[in-house]
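> coords please:
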Amino acid sequence: MAEASGKIRLDKWLWYARFFKTRGLAAKVVSGGHVRVNGAKVAKPAQSVAPGDVLTFPQARVIRVVRILSAGTRRGPANEAQALYEDLTPTPGPGANSSRPRGGGERPTKRDRRAMEALKKGEPGM
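Sure thing, here's the model as predicted:
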């Protein structure tokens, strides 16, 4: 089998490492051309990957960069999955985070709106 030689299908590895909830979803992301293996775009879920390869792919709102440490043999618990890779994802800089948390609505609160109006008029803030 492919796992014995240290190589495994890309979609299967992404599923084993718990980056995607289903193998079909992992295959869909790979087929869409959103995954890079060692900097080269991959369009086939059956692409073989091995330990040492670097993968770049989107997950939620973050671009993940991981180095494969092991091919794995099953989709086990989270701590077993985390042992399959080394996370190389760069941490966002100080300007990347907005001052307001996401998910609280897109509109400013009444207090925020008043503070913005005071700032525009040159008045001291709250």
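> average model confidence for stretch 54-67?
Averaging pLDDT along stretch 54-67 gives 94.
> Just the buried residues of that stretch, please?
54, 55, 56, 57, 64, 66 (16 or more other Cβ atoms under 10 Å). C-betas here are computed from N, CA, C, even on glycine.
> do stretch 29-46 as well
Applying 16+ other Cβ under 10 Å to stretch 29-46 flags 29, 30, 34, 35, 37, 42, 45 as buried.
> Quote the end-to-end distance of it.
Across stretch 29-46, the terminal residues are separated by 12 Å (Cα to Cα, to the nearest Å).
> residues contacting the residue sitting nearest the centre point of the chain?
The centre of the chain sits closest to residue 59, judged by Cα atoms, centre = their mean, with a distance of 3.1 Å. Under the criterion of Cβ atoms under 8 Å, 6 or more residues apart in numbering, the neighbours of residue 59 are 19, 20.
> List of residues touching whichever helix or strand residue 29 is part of?
Here residue 29 sits within helix 23-31, counting by DSSP states H and E. With contact meaning Cβ under 8 Å, 6+ apart, helix 23-31 is reached by 10-12, 14-15, 19-20, 35, 42-45, 47, 57-58.
> next helix or strand past it?
Immediately after helix 23-31, counting by DSSP H and E, sits strand 35-37.
> name the helices or strands packed onto that next one?
Applying 3 or more Cβ pairs under 8 Å, 6 or more residues apart in numbering; DSSP states H and E, one finds that strand 35-37 contacts helix 10-16, strand 40-42, strand 54-59.
> Dump these to a markdown table, plus distance to residue 79.
Formatted as a markdown table, the helices and strands packed on strand 35-37 follow (distance: least, Cβ to Cβ, whole Å):
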| stretch | distance to residue 79 |
| --- | --- |
| helix 10-16 | 13 |
| strand 40-42 | 28 |
| strand 54-59 | 19 |
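> Sounds good, over and out.
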